[in-house]
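**Student:** structural data only, the sequence is not supplied:
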């Protein structure tokens with residue numbers, strides 16, 4: 001069976017690490033698409049978005065996002081203007097996927113990740129190396145989970161969230177959409193959308209900033 005041709009968007013850290021997760025028996029990497037024409041690589045070809053419009057048979061793995069831009073992942077990915085069927089999901093061969101786990105499209109699951117029973121990973125989600133997502137956790141669309149994160153059972157991470165590396169999240173809570181949880185935080189309670197949580201135990205920096213102004 002011929003290999004399907006694949007493009008990764010953009011040429012960033014997530015995209016480079018995604019290369020380790022691609023099944024090269026199924027896919028042939030054409031290169032990267034990026035909006036920054038100044039980006040160069042001696043190893044990979046980097047194209048403009050015009051490539052995606054011209055060659056509609058190309059499959060795509062879209063992994064934009066950082067602590068600074070994570071809230072805009074939905075708009076950035078939507079702006080590619082491609083059909084859902086062109087997206088792939090890449091799961092590293094050394095990730096552990098448990099019973100009845102569900103993973104959506106355009107997801108990236110890196111090496112050492114553990115997804116246990118009944119976890120649900122929705123669409124456009126990135127999970128970096130060695131994170132553990134326990135039973136019945138839901139990670140909603142467009143969220144990013146850093147490396148060495150532990151999410152205890154029954155927790156829900158909302159849409160377009162960023163969970164910083166080294167974070168521990170207690171069981172049975174919910175994290176509102178577009179929330180940021182800083183590096184190495186211990187999150188012990190539910191938070192509403194747009195929160196900026198950091199520390200041990202984590203506190204909402206939005207609330208502290210408001211109090212300082214008052």
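**Tutor:** Cool, the structure landed. Values in this document were obtained by computation on a predicted structure and should not be read as measured data. Numbering: from 1, shown residues only.
**Student:** measure the spatially most central residue of the chain to residue 192 for me?
**Tutor:** In the chain, the centroid-proximal residue (Cα atoms, centre = their mean) is residue 126; its distance is 1.9 Å. With distances taken as Cβ to Cβ, to the nearest Å, residue 126 is found 23 Å from residue 192. (Each C-beta comes from the backbone N, C-alpha and C, glycine too.)
**Student:** related to what we said a few turns ago, for the residue nearest to the centre of the chain, give me phi and psi.
**Tutor:** phi -110, psi 130 (degrees, to the nearest 10).
**Student:** can you check residue 205 too?
**Tutor:** Backbone torsions for residue 205, taken as degrees, to the nearest 10, come to phi -70, psi -20.
**Student:** for it, grab the count of nearby residues.
**Tutor:** 15 (other Cβ atoms under 10 Å).
**Student:** these two touch, right, it and residue 194?
**Tutor:** No. In this structure residue 205 lies outside contact range of residue 194 using Cβ atoms under 8 Å: 11.2 Å.
**Student:** lowest mean pLDDT among the helices and strands, pick that one out for this protein.
**Tutor:** Using mean pLDDT, DSSP states H and E, helix 205-213 stands out as the lowest-scoring helix or strand of the chain, at a mean of 64.
**Student:** can you show me the helices along this protein?
**Tutor:** 13-18, 50-54, 73-78, 205-213 (DSSP state H).
**Student:** mind listing what's buried in the shortest one?
**Tutor:** It stands for helix 50-54. Buried residues in helix 50-54, defined by neighbour count with 16 or more other Cβ atoms under 10 Å: 51, 52.
**Student:** which outside residues touch it?
**Tutor:** Helix 50-54 is contacted from outside by 7, 30, 33, 58, 60, 80, 81, 82, using Cβ atoms under 8 Å, 6 or more residues apart in numbering.
**Student:** many thanks, I have nothing further to ask.
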